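> Just a sequence and a predicted model for now, questions to come.
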Amino acid sequence: MATVKKNQGDNQQRAFVRVDDYLPMSWRRVDPEEFAEIISNFEKKQNFPAISDDIQSVLVNLEVTDKIQVLERTDPVLARILSRLDMKLNMLLKVFYPGTEARPMIPTWVNLSGGGIAFKETGLDVKVGEVLELRLALSLDSLASIQCFARVVKIFPLDDEGMIKAACQFEPILDADREKLIQHIFKRQSAMLRAKRG
């Protein structure tokens, strides 16, 4: 019994280790009715329904992340080309369909933990309590992304750079994706410590 409690405590501690990063990210606001359907689907199937039609969403829903990671190792140039092509296509879609809520994946300042994310944008227009669908790539060149949902828990006013920050709690995120985030955070912290040591 004590071992189970210790493991739960270790997992909770791991979930709240934080790191600042600069990663490709997109978000869109999710209305309450849609979110209720998403939660219902998640509770039954432990996955998220396909919502948008871009390359990232198709990859997430086909569960080809491992294959994309192999492509990033075996042919990083092709993986980078596909990733940049997707970003450009998303930007063009935004230009031609400005009324859509989804935003292209663009490099964004983020503060990550296994339990949530904070991010900054110029003119960020979200409110506490709103639910966002997030897509996040764990490197600037990554073609695979994590899809999850997060509730806005706090808004920070304009900073010195004229940006607004939103703090969000994951609600829900797949366990496998949470683990990928936590592993990324530990790798990033290790790299930062090595850089400090010189």
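Good, I have the coordinates.
> Regarding the protein, what is its longest helix?
helix 175-197 (DSSP state H).
> Return the set of buried residues in that helix.
Taking 16 or more other CB atoms under 10 Å as the neighbour-count basis, helix 175-197 is seen to contain the buried residues Asp177, Arg178, Lys180, Leu181, Ile182, His184, Ile185, Arg188. All C-beta spots, glycine's among them, are computed from the backbone N, C-alpha and C.
> For the second one, give me the pLDDT.
The per-residue pLDDT reported for Arg178 equals 91.
> Then the fourth one?
Confidence at Leu181, expressed as pLDDT, is 90.
> For Gln147, pull up the helix or strand it's in.
Using DSSP states H and E, Gln147 sits in strand 146-156.
> which residues are contacting that strand?
If you take CB atoms under 8 Å, 6 or more residues apart in numbering as the criterion, strand 146-156 is touched by 30, 35, 38, 48, 56-57, 60, 116-117, 124, 126-138, 164-174, 177, 180-181.
> same thing but at 6 Å, please
48, 60, 126, 128, 130-136, 165-171, 173, 177 (CB atoms under 6 Å, 6 or more residues apart in numbering).
> can you check stretch 164-177 too?
42, 116-118, 120, 124, 126, 146, 148-156.
> From those residues, list just the buried residues.
42, 116-118, 120, 124, 126, 146, 148-152.
> Looking at those, which two lie furthest apart in space?
Within the buried ones among the contacts of stretch 164-177, Phe42 and Lys120 form the most distant pair, 27.8 Å apart (CB to CB).
> so what's the backbone phi/psi at Asn47?
phi -150, psi 180 (degrees, to the nearest 10).
> What is the neighbour count of it?
13 (other CB atoms under 10 Å).
> can you map out the strands along the chain?
With DSSP state E as the criterion, the chain has strands at 19-30, 106-112, 116-121, 131-136, 146-156, 164-170.
> just so I know, which of those strands lies nearest Arg80?
Nearest of the strands of the chain (CB to CB): strand 19-30, 11.9 Å.
> mind listing what that closest one pairs with, with the direction of each?
strand 106-112 (antiparallel), strand 131-136 (antiparallel) (DSSP bridges).
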